[in-house]
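Undergrad: The following block contains a protein sequence and its predicted model.
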Amino acid sequence: MKLKIAIASALFAASVQAHAVLIIDNSTTGRYNSGLGDLAAMDGPGGFLLGAGSSEGDPTTVLAADPGFTFTPEFGADWLNGDYTGGTWSAAGAAIPGSWTVNTETAIVYDFFLGSLSDLTIDVGVDNGIVLWLDGTFLFGATASGGANLNEYDINLSGIAAGNHALQILRADHGGSTGYAIEVNAEAVQVPEPATLGLIGLGLFGMALSRRRKSAT
């Protein structure tokens, strides 16, 4: 009986084991937009996108919800839904630089494919600010002083469907210097096969029977 329990436990552990796969890092190409200029006026004084030259200070801000930007024509017709018509975007496959012109904003789109239901871990750092969306849905936004430490911000997403996806990023700067680092890992969400579930059930039955025998003694 102990052997059955051990086999079932081992099979269960093997069935749910998954390995993280790196899908995006600093070498990953994408669509790149360096023609946005200074977007401080896009959300006005005191907004998330700060005035040039640290004119509004250098605060630490974390967005609690989608900022609801009204994007300028340089973003294209509807960049968060994949329509870049009229924008100042590169073609797909452009290199994404780790730094850009001070006091301007830039945007990035990484297209990627997931072969199965997956959990995503996004580690990113930026000098100064960043906003992220996945397939047009807001994920996170923050700005802070300091450099671009890869683990400055950690974003964990569970149960992302298999298929094609787009990670959309707006990088913001308001003076001093710029910097950027990113790493995205995907880990498949694995479900035990039916045959494995049967063996697990057998092991659990054995465990229950063993407990009954112990309680009867």
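TA: Looks like it came in fine. Numbering: from 1, shown residues only.

Undergrad: Need the contact partners of the strand or helix carrying Asn185.
TA: Following DSSP states H and E, one finds Asn185 within strand 179-188. Strand 179-188 is touched from outside by 18-26, 28, 96-100, 110, 112, 114-127, 147-150, 160, 167, 169, 171, with contacts defined as CB atoms under 8 Å, 6 or more residues apart in numbering. Placement of C-beta: from N, CA and C, glycine included.

Undergrad: What are the buried residues along that strand?
TA: Of the residues in strand 179-188, Gly179, Tyr180, Ala181, Ile182, Glu183, Val184, Asn185, Ala186, Ala188 count as buried by neighbour count, 16 or more other CB atoms under 10 Å.

Undergrad: Give me the buried subset of the contacts of strand 179-188.
TA: 23-24, 28, 96, 100, 110, 114, 118-120, 122-127, 148, 160, 167, 169, 171.

Undergrad: Please parse this structure into its domains.
TA: By the record's domain assignment, the chain is partitioned as 1-17+192-217, 18-189 (automatic domain parsing).

Undergrad: Which of these comes out lowest on mean pLDDT?
TA: Ranked by mean pLDDT, the domains of the chain end with domain 1-17+192-217 in last place, scoring a mean of 44.

Undergrad: Pick out the residue nearest the middle of this structure.
TA: Nearest to the geometric centre of the chain sits Ile122, at 3.9 Å (CA atoms, centre = their mean).

Undergrad: what kind of secondary structure is it in?
TA: Classification of Ile122 by DSSP: H, G, I helix; E, B strand; the rest coil places it in strand.

Undergrad: What residues are recorded as beta-bridge partners of it?
TA: Beta-bridge pairing of Ile122 under DSSP bridges involves Ile155, Val184.

Undergrad: likewise Phe140?
TA: Leu132.

Undergrad: can you tell me which residues contact it?
TA: With contact taken as CB under 8 Å, 6+ apart, Phe140 is in contact with Leu63, Ile130, Val131, Leu132, Tyr153, Ile155.

Undergrad: for those residues, which one is nearest Thr72?
TA: Nearest to Thr72, judged by CB to CB, of the contacts of Phe140 is Val131 at 14.5 Å.
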